[in-house]
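*Asks:* Predicted coordinates and the sequence they were generated for:
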Amino acid sequence: MTAETTFKPAQARGQSNPALIAALAVAIVAAATLAGAWFFQLVLDIQPCPLCLEQRYAYYLAVPLALLVAIAAAKDAPRAVLISGLVLLALAALGNAVLGGYHSGVEWGFWPGPTDCTGPVGNLGSAGSLLERLNTVKVIRCDEVQFRFLGISLAGYNVLISLVIAAIAAWGIGKTAARA
């Protein structure tokens, strides 16, 4: 091994950077999932329930964290830092899969869901029109499925997407740990 190959980045030596690949893949999948959620909400007017909104938190964490891990991987950060970031991404995704599974169970009536509901209550106007405005508010319940595709609700798809993200992060962890 020459000094020239020792000081070149891994990409220049023809080796792949699994932490970079995994982190970028997680960032892309998480960002696309958030874009899809906002599309369903803003374009198709499928309003989220409280559990739907809570399931977005993992994606709001995953996008910037995955980008930070990708930057660290591109800068040849220590393996422990990269693995730690990927572990956090995997844990967030697995936690979100559990939350999505819970939500799916609520939708199927396997167990009761939360009692809080949400709806677009913005400006209620004057006190005289308060009752009229409250009657027009669309309340979104966690146990009512608003959209299914191939028999699977959006909460069900969240479980699948979260498991894919966790698998990508686990792949990155395994490959990064195995690198010489």
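*Replies:* The structure has been received and is ready for your questions.

*Asks:* Quick check: mean pLDDT of the helix ranked longest in the chain?
*Replies:* As assigned by DSSP state H, the longest helix anywhere in the chain is helix 79-108. Averaged over helix 79-108, pLDDT sits at 92.

*Asks:* Could I get the full set of helices for the protein?
*Replies:* 3-7, 18-42, 50-74, 79-108, 130-136, 154-178.

*Asks:* of those, which approaches residue 146 most closely?
*Replies:* Taking Cβ to Cβ, helix 154-178 is the member of the helices of the chain nearest to residue 146, at 7.8 Å. Backbone N, C-alpha and C define where each C-beta goes, glycine included.

*Asks:* who touches that closest one?
*Replies:* The contact list for helix 154-178 (Cβ atoms under 8 Å, 6 or more residues apart in numbering) reads 18-19, 21-23, 25-26, 29-30, 33, 37, 40, 46, 51-52, 55, 58, 62, 79, 82-83, 86-87, 89-90, 93-94, 96-97, 100-101, 103-104, 107, 146-147, 149, 152.

*Asks:* Buried only: go through these for me.
*Replies:* 18-19, 21-23, 25-26, 29-30, 33, 37, 40, 51-52, 55, 58, 62, 82-83, 86, 89-90, 93-94, 96-97, 100-101, 103-104, 107, 146 (16 or more other Cβ atoms under 10 Å).

*Asks:* before we move on, the earlier item: which helices and strands sit right next to the longest helix of the chain?
*Replies:* Packing partners of helix 79-108 (3 or more Cβ pairs under 8 Å, 6 or more residues apart in numbering; DSSP states H and E): helix 18-42, helix 50-74, helix 154-178.

*Asks:* That one versus helix 154-178: what angle between them?
*Replies:* Taking axes from the mean of the first three to the mean of the last three Cα atoms, to 10 degrees, helix 79-108 and helix 154-178 form an angle of 160 degrees between their directions.

*Asks:* tell me the angle of helix 79-108 relative to helix 18-42?
*Replies:* In terms of direction (the same axes, to 10 degrees), helix 79-108 departs from helix 18-42 by 30 degrees.

*Asks:* Helix 79-108: how far from the chain's middle?
*Replies:* 8 Å (Cα atoms, centre = their mean, to the nearest Å).

*Asks:* cool, stretch 51-66 as well?
*Replies:* Centroid displacement of stretch 51-66 relative to its chain, using Cα atoms, centre = their mean, is 4 Å.
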